[in-house]
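> got a predicted model here, sequence first, then my questions.
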Amino acid sequence: MGLYRANIRMLGKLVVVTAGMFAFGYALVPLYKAICEMTGINILALGDRNIPGATANTPANTQVDTSRTITVEFDANARGPWEFKPAQRSLQVHPGEMATVMYEFQNVQNRRMAAQAIPSYAPQQAGAHFNKLECFCFSQYTLEPGEKKSWPVVFVIDPKLSKDVRTITLSYTFFEVGGKTPPAPVADAKPHLASGAGT
């Protein structure tokens, strides 16, 4: 009988100890967070909240060369019965800065067409430093009669571009797939305006 009571007492103690350990472990999570926030030991736990010594805004992109400005001119050559033009004629960007320009296209024919664009650059050396992150020239497109589209070109100019280059012309020739591929545009002796640009 004495042994039974001793076992019951021991079981009761073990239940109390187990419950205490569970409660202590459960309480550790908010306690740990509070300690980390006070001491700043676990910076990742702070998430989007203020980090001691950090600025309120996102740090600026250190790859952008703000000491230089490059004028990018946009040109469009419509080699066929359709309308194709940039939404704006030029844009000023810093090397390393991401920029976007829109190109507008309309199939004015009464039939479906498949088409693709070929880019070219002036001066030619700029092509190796003109990095397109997104461009409609990457794919062929099928457009229904009268269909209009606006496509983005997202680009970054490599800061390694020669400092002598202050203006880059990005030109696209849009042609119908299955037809004769037009030659790449050749720079004229006189400057010319983008086909349909600004209208």
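Structure's in. What do you need?

> now the helices for the chain?
2-39 (DSSP state H).

> low-confidence stretches in it?
Applying pLDDT under 70 to the chain flags the ranges 1, 22-62, 179-199.

> how is it divided into domains?
Domain assignment of the chain by automatic domain parsing yields the ranges 2-46, 70-176.

> please enumerate the strands of this structure.
70-78, 82-86, 90-93, 98-107, 113-122, 130-134, 141-143, 148-157, 167-176 (DSSP state E).

> partners of the last one in the sheet?
Just to be clear, that refers to strand 167-176. Partners of strand 167-176 in the sheet, by DSSP bridges, are strand 70-78 (parallel), strand 113-122 (antiparallel).

> tell me the most buried of these?
strand 70-78 (a mean of 19; mean count of other C-beta atoms under 10 Å). Placement of C-beta: from N, CA and C, glycine included.

> and the angle for that strand with strand 82-86?
Orientation check (axes from the mean of the first three to the mean of the last three C-alpha atoms, to 10 degrees): strand 70-78 against strand 82-86 gives 180 degrees.

> i'd like the first residue to be 880 from this point on
Sure thing, new numbering starts at 880, so read that last one as strand 949-957.

> give me the angle between strand 949-957 and strand 1027-1036.
Going by the same axes, to 10 degrees, strand 949-957 makes 150 degrees with strand 1027-1036.

> show residues contacting stretch 1028-1038.
942-944, 947, 949, 951, 966, 972, 974-985, 1005, 1007-1016, 1020, 1022, 1047, 1049 (C-beta atoms under 8 Å, 6 or more residues apart in numbering).

> buried residues, that stretch. List them.
W1030, V1032, F1034, V1035, I1036, P1038 (16 or more other C-beta atoms under 10 Å).
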